[in-house]
Every structure is written in C-alpha cells, then in structure tokens.
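1. here are the coordinates; sequence isn't available:
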C-alpha cells in the first residue's frame, strides 16, 4: 500500500492529532505542577472542588497519561481521551453558563480564558485519542527508523507549539482587536 493511499489518511491524521494532544497534555500537567493557582481558581469559579493539591494531582495525572500514551500507546491513550472529554465538558459548561474565568487552567496562566476554540480542540483531541485503539495504532510508531521518529517528533513539537499559540494567544489577540 502506498504511503499516500487515501485509506491511510484517517489513521495518520488521528495519530498526528493524538501525538500533539498528548504532548500538550504533558505540558499542561507540568504547568499545573509548577503553578497550580490558575487551575485552582478555574475549578473554584466553576463550583468544583478545588485546592492547589487537587490541581497538582491533576497535573500528575496529565503527565502520566501523556507519557504512557506516547510511550506505550494502546489502551493507555484512553486516559488522555477521558481527560480531553472532561476538559471539553468543563470548558463548554463555563462558556454556556457564562462563568467569567480568567483562565481555563490548562497552561497555568491567568490570561488564557476559555473559548469555543478550546472546546473544539479538546473535542477533536478526545476523538483522535479514542480512534487510535479502534484503528489499532499508537500515537508514535516506534518501529520506524530513528530518523523518521525524529522527524515525527519535530512535527509533533511544532504542531504542539502552534496549537498552544492558537489556544493561548489567539483569544487574547482577538480580544485586543475588538
């Protein structure tokens, strides 16, 4: 089968989105470990149980889910799918109920308010992560030659950074132009 066969496109796209999502999940977890206050505030403002300890625990879960999802794959990616589904529900609820959150808590900053873009990204990430076990593939094909894995890792890093820019900076930029 040709690497450009249209039949391979769905799993390649799901694999790429899942890898990017897991990378961002790990970065988000590290942010919560370093500074749990924005997440604690977002949870508190939404009426959820909140404390810095809970926020840090969520950060640990995110880091572990990201690392195991990327390293092991298989059903380990389902934890990431559950987390992204929960984030989509949380963000949708905050937007629907017009809860004035200064931060969604995902990147450990007080100036990344939740937007519809967050809901869409979280939903797409959850779907991609759910697709991988169904398609019997992993976020990273560790059987590839090292150079191809390195190129894929670079793609994931760039994709993760662009996703971060879209989620964290684009809403602020749009707010300043209104």
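-> Yep, that arrived. Just so it is clear, the model here is predicted, and its values are computed rather than measured.
2. which residue ranges of this structure form helices?
-> With helices called from DSSP state H, the chain shows them at 9-34, 37-45, 52-71, 77-96, 116-135, 146-164, 170-176.
3. worst average pLDDT in these?
-> Ranked by mean pLDDT, these end with helix 170-176 at the bottom, a mean of 69.
4. now render the helices of the chain as JSON lines, adding mean neighbour count.
-> Quick note: C-beta positions are derived from backbone N, CA and C, even for glycine. Putting the helices of the chain into JSON lines (neighbours: other CB atoms under 10 Å) gives the following:
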{"stretch": "helix 9-34", "mean neighbour count": "21"}
{"stretch": "helix 37-45", "mean neighbour count": "20"}
{"stretch": "helix 52-71", "mean neighbour count": "19"}
{"stretch": "helix 77-96", "mean neighbour count": "20"}
{"stretch": "helix 116-135", "mean neighbour count": "19"}
{"stretch": "helix 146-164", "mean neighbour count": "14"}
{"stretch": "helix 170-176", "mean neighbour count": "12"}
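5. residues contacting residue 138?
-> Going by CB atoms under 8 Å, 6 or more residues apart in numbering, residue 138 touches 15, 72-74, 77, 132.
6. look up phi and psi at the spatially closest residue to residue 95 that is not a sequence neighbour.
-> Take residue 95 and drop its neighbours on the chain: the residue closest to it by CB to CB, 6 or more residues apart in numbering is residue 114, 6.1 Å away. Main-chain dihedrals, residue 114, degrees, to the nearest 10: phi -70, psi 140.
7. that older thread, for residue 24, state which of the contacts of residue 138 is nearest.
-> Minimum distance to residue 24 across the contacts of residue 138 is 13.8 Å, recorded for residue 77 (CB to CB).
8. ok, the closest one touching residue 132?
-> Yes: contact status for residue 77 versus residue 132: in contact at 5.1 Å, counting by CB atoms under 8 Å.
9. mind listing the shared neighbours of those two?
-> Shared contacts of residue 77 and residue 132, defined by CB under 8 Å, 6+ apart, comprise 18, 138-139.
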